[in-house]
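# Here is my input, please return the structure:
(2 chains)
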Amino acid sequence: MEKAVETLMIPARDGTKLACHRYTVPTSAETTCYGRVLLLHGSTFNSRRYANIAKACVKSGFEVVLCDWRGHGESGGKPGTCDYIGQLEDDISDIIAWFEKEMPLPLILGGHSAGSVVCLRYLEKYGQKKVDACYFIAPTFNNTQEPLRFDKPGAQRSFLLRHMRKKHGSQEAPESAAKHMPVMDNRMFYLATVLPFLRHSTVITFPGSEKMAALEGRVLNYSFNLMASVSIPYYSKAFRKLKIPVVFICGENDEGLHPEFLPMLCQWHLAPQLDKEVVMLPKLNHMSVLGGAARVLPHWLVQRWGENNGAVEQQLRPQAMQQAVEQAS
Amino acid sequence: MNQTGLNSLYQGNFFWQRLPGQQTLRGLEPGQCYLMGYLSNEQALYRQLNIENDDQQALLNAAVKKWRHELNRHLFGDYLLINFDGEQLQLTSSARASFTLFYRQSQNEQGQYGLALASNLKQLTQVFDAKINPVQLMQTLALGSLADEHTCFKQIKQLQSGETLIWQLAGETRLSHSSNLPVAQQLTLAQNSALPQAELIAPRRTDDIELTELFNRLPSLAHGLGQPLVDASLAHFDAQVQATDSDTLLLDISWLSARHITCEQGIHSSHNWCKSILKRPLLAQRSQLQYRQQQLVSAYQTAKQEQNEKLSFSQWLDLHYVIPAWCQLLQGICRLHGKILVNPYMHAQQLIPLVTQAYQAPAAYFSLQQVSLANVYDAMQRLFYSGEVETRKLFDLNPLDTSRLIRREQDRHRVEQLSVLLLTMDYLTRFHPGH
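Predicted coordinates for the structure are as follows:
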């Protein structure tokens, strides 16, 4: 009998084995596989957390590949760092090439949190030739202040330097959100900026107990190289190049992202004629949105690649999506 | 009003093109008149021209035959008329028309001319990869949007209200006739007694407006119109138009009051207020702006001598140039939604009190206290870091100068307009097909 989930160890260009957990659509006379969904986990985590999304997409007729970043989960590589900035998108390229060679299928690329940013970096570097659509679940943009829900330490000073005037009002993070925020070692960060040999040392630490992290397979300390590989300095320049359908799924209570950021991004930074959608899920936060995404994403996929591919009228889409959003929340 | 036949042009966009050196015509049928808008003396014209059965095509053909160059002295209302007889192409707009047509004459390497007409600026800018016209941009910054033949794109012009243009199309394409109703005469000819039935658009209220929604509406509206926006209230108007059910909307006077008003002192120090952020390509246009101002001042002085004009220069400018341009923008927005706007404020008696009472600019929508993400001032400053090269070539957006500008309390509305213009211009550049 065919296994529903298999772990493939795919060689990256430097020989490191990357773990990809493939959830296949059972082959039978009634089922069809419409496409392949590639999902990248968020920072510190690995693919284990995303099995519910994979199972939901498989039910809708999409093969899902959950990829562990190098140094995370079952993948090889040194935990908490990478050889150079941009190695993660090179890894995605190698994974895509491997699957394409094995069996070409329409590819839908996306990720959660920092995984979304890695996807965006991939699209910016390698283009959209091999990707048919993309999705971003609770993406994080930490390089500038305006996408953030709460002010980071030093936000007032940073605003003053960038805008040469005082920022009106400040939104400090409440305790419930602050406890999830990573702590940056500014001294080490600036040193690593000028001294390349320090770029494998820890510059950012995510909250959590080391013991629990070890049990869950989480990586809590990130080097300069890895941190820079999961951030994007100019999100506008990357997003404007998108020419493929895109969906953003985010919880209204996300601790990182300002609730008005994604609608703004869609209007101002994505091409006007693009097939784009923002789904803001009430009551959900940065992590609980995964449950919501497991309902919304398959729906979005089916509307574009499912059985009635192209037959689903545009005007019916919002209604159908609305139902999925209500269920998700 | 006849709602059938020719009035089908209400709904869609119009595009016609003749390529240089080609005899083929695309988009127009010989012997046809096309009317965009409405006639307010249509029934009287049927009687006058002995046309039966309310046949509007026959009426327009007869009117063109009878009055030709003086069509807009006899046909009243708010319209744009296109007549193509196989050899000549005539464009006529009514006195104080809010409907407009954009056109572009091109020349190929052999020196042959081509012509393209479009009801939406975007159709021309995208087809011909149009570049920003710095003179017009400078004029907009200094005096606001004025009814003018020039657009904010090089080589693209627009039909002015009360204007008649005739092109010879047999053989070489060339402009054979151009005439315009004098501005003062347009006011007397703008008879709008028999208005079409229309739903009154909700008055402009700023107390309960959702500012983030307004901010996010700016780019799509600029994209739809194909030009940078000159004021945030246009996006507010766009939202109101979208919310209405009817296809024919009646303008409320509060939307006329939202227009840009240049005060008397402001005209003479026009570009000074934002001089610090203008770069050389724009600053170099100062002499052309002064020349344009002088032209307007002499037209005003002539009017003062000949017609005993009692309005001040800024009021005269408002009446004849600012309000018509504003009405054209409002009509353009309605057309984006497949609707038409009926403007009952065309008479001098209605407009003169409006211009004489307009002593202060409308309040700005956005404030510095608003959330940074969807705040036009902060967003404008961010262009320094992430704006398009084309924007930064024209404007020096260094934070020191922009913050000084933003903090000017007395010019808040003007700074908001500048921010909206810059942001939407940057947005259009970002997604321009030639980019």
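# In which helix or strand does residue B:89 reside?
Secondary structure here is read from DSSP states H and E; on that basis residue B:89 sits in strand B:88-93.
# the strands in chain A, which residues?
Assigned strands in chain A, in chain order: A:5-11, A:17-23, A:35-40, A:62-67, A:107-112, A:133-137, A:183-184, A:202-205, A:221-223, A:246-251, A:276-281 (criterion: DSSP state E).
# which intervals of the chain have sub-threshold pLDDT?
Went with chain A since none was named. A:1-3, A:29, A:308-322, A:324-325, A:328-329 (pLDDT under 70).
# hm, I was asking about chain B
Residue ranges of chain B with pLDDT under 70: B:1-14, B:20-27, B:192, B:263-271, B:358-359, B:434-435.
# ok, now which ones touch residue B:360?
Neighbour list for residue B:360: residue B:261 [criterion: Cβ atoms under 8 Å, 6 or more residues apart in numbering or on different chains]. For glycine as for every other residue, the C-beta is placed from the backbone atoms N, C-alpha and C.
# May I have the phi/psi pair for residue A:166?
The main-chain torsion angles of residue A:166 are listed as degrees, to the nearest 10 and equal phi -80, psi 140.
# any idea how far chain B is from it?
Residue A:166 sits at a distance of 9 Å from chain B (criterion: Cβ to the nearest Cβ, to the nearest Å).
# Identify the residue spatially nearest to that residue, adjacent ones excluded.
Leaving aside its sequence neighbours, residue A:166 sits nearest to residue A:160 (Cβ to Cβ, 6 or more residues apart in numbering or on different chains; 6.3 Å).
# Number of residues surrounding that neighbour?
Other residues lying near residue A:160 total 14 when counted by other Cβ atoms under 10 Å in any protein chain shown.
# ditto for residue A:8
Residue A:8 has 16 neighbouring residues, counting by other Cβ under 10 Å.
# and the residue nearest to it when sequence neighbours are not counted, bridged to which residues?
Counting by Cβ to Cβ, 6+ apart, residue A:8 lies nearest to residue A:20, which is 4.8 Å off, once chain neighbours are set aside. Counting by DSSP bridges, residue A:20 is bridged to residue A:8, residue A:67.
# Kindly export stretch A:214-232 (C-alpha atoms) in CSV.
In CSV, the C-alpha atoms belonging to stretch A:214-232 read as follows (Å, rounded to 0.1, in the frame of the first residue of the first chain):
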residue,chain,number,x,y,z
ALA,A,214,15.1,20.2,22.3
LEU,A,215,12.1,18.0,22.7
GLU,A,216,10.1,19.9,20.0
GLY,A,217,13.2,20.0,17.7
ARG,A,218,13.2,23.8,17.8
VAL,A,219,16.2,26.1,17.2
LEU,A,220,16.2,29.1,19.4
ASN,A,221,19.5,30.9,18.5
TYR,A,222,20.1,32.4,15.1
SER,A,223,23.3,33.7,13.6
PHE,A,224,23.7,36.8,11.6
ASN,A,225,23.7,34.8,8.3
LEU,A,226,20.5,33.0,9.2
MET,A,227,18.8,36.1,10.4
ALA,A,228,19.6,37.9,7.3
SER,A,229,18.5,35.0,5.2
VAL,A,230,15.0,35.2,6.7
SER,A,231,14.5,38.9,6.3
ILE,A,232,13.9,41.2,3.3
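# Please determine whether it lies in contact with chain B.
No - counting by Cβ under 8 Å from any Cβ of the partner chain, no contacts exist between stretch A:214-232 and chain B, the nearest distance being 11.9 Å.
# Distance from the chain centre to that stretch, please.
Centroid separation for stretch A:214-232 versus its chain: 14 Å, with Cα atoms, centre = their mean, to the nearest Å.
# try stretch A:132-150
How far stretch A:132-150 lies from its chain's middle: 9 Å, per Cα atoms, centre = their mean.
# Residue 103: how many residues sit nearby?
Just so you know, I chose chain A. Residues contacting residue A:103 under the criterion other Cβ under 10 Å number 9.
# let's do chain B instead
For residue B:103, the neighbour count with other Cβ under 10 Å is 22.
# Not counting residues beside it along the chain, what's closest to it?
Closest residue to residue B:103 in three dimensions, ignoring its sequence neighbours and counting by Cβ to Cβ, 6+ apart: residue B:117, at 4.9 Å.
# who does the one you found bridge with?
Going by DSSP bridges, residue B:117 is paired in beta bridges with residue B:16, residue B:103.
# I figured it was touching residue B:102, is that so?
Yes - in this structure residue B:117 lies within contact range of residue B:102 using Cβ atoms under 8 Å: 7.2 Å.
# Residue B:344 sits in which helix or strand?
Secondary structure (DSSP H and E) places residue B:344 outside all helices and strands.
# Surely it and residue B:252 touch.
No - between residue B:344 and residue B:252 there is no contact, the gap being 9.5 Å when judged by Cβ under 8 Å.
# Point out the residues in the stretch 301-435 of chain B that sit beside chain A.
B:368-369, B:371-374, B:378, B:381-382, B:385-386, B:399-400, B:402-403, B:406-407, B:427, B:430-431.
# Now list the buried members of the residues you listed.
Of all these considered here, the ones buried according to neighbour count by 16 or more other Cβ atoms under 10 Å in any protein chain shown are B:368, B:371-374, B:378, B:381-382, B:399, B:402-403, B:406, B:427, B:430-431.
# Which one of those is nearest to residue B:310?
Each of those was checked against residue B:310 using Cβ to Cβ; the closest is residue B:406, at 38.1 Å.
# didn't that closest one look like it was pressed against residue B:364?
No - distance between residue B:406 and residue B:364: 10.9 Å, which falls outside the contact criterion (Cβ under 8 Å).
# In the stretch 51-200 of chain B, what residue lies closest to chain A?
Closest approach of the stretch 51-200 of chain B to chain A (Cβ to the nearest Cβ) occurs at residue B:122, with a separation of 10.2 Å.
# how many other residues sit next to that residue?
Taking other Cβ under 10 Å as the criterion, the count of residues near residue B:122 is 19.
# So for residue A:81, what's the nearest residue that isn't a sequence neighbour?
Spatial nearest neighbour of residue A:81, chain neighbours left out: residue A:223 (3.7 Å); criterion: Cβ to Cβ, 6+ apart.
# so that neighbour makes contact with residue A:197?
No - using Cβ under 8 Å as the test, residue A:223 is too far from residue A:197 to be in contact (11.6 Å).
# Could you pull out the buried residues of stretch B:405-422?
Within stretch B:405-422, the residues that qualify as buried by neighbour count (16+ other Cβ under 10 Å) are B:405-406, B:411-422.
# Near chain B, which residues of chain A? Just list them.
Residues of chain A that fall close to chain B, judged by Cβ under 8 Å from any Cβ: A:145-147, A:159, A:162-165, A:167-169, A:234, A:236-237, A:240, A:258, A:260-261, A:263-264, A:267-268, A:271-272.
# Next step: those restricted to helices.
Residues of these located in helices (DSSP state H): A:159, A:162-163, A:236-237, A:261, A:263-264, A:267-268.
# Please check those residues and keep the buried ones.
Judged by neighbour count, with buriedness set by 16+ other Cβ under 10 Å, the buried members of those are A:159, A:162-163, A:236, A:261, A:263-264, A:267-268.
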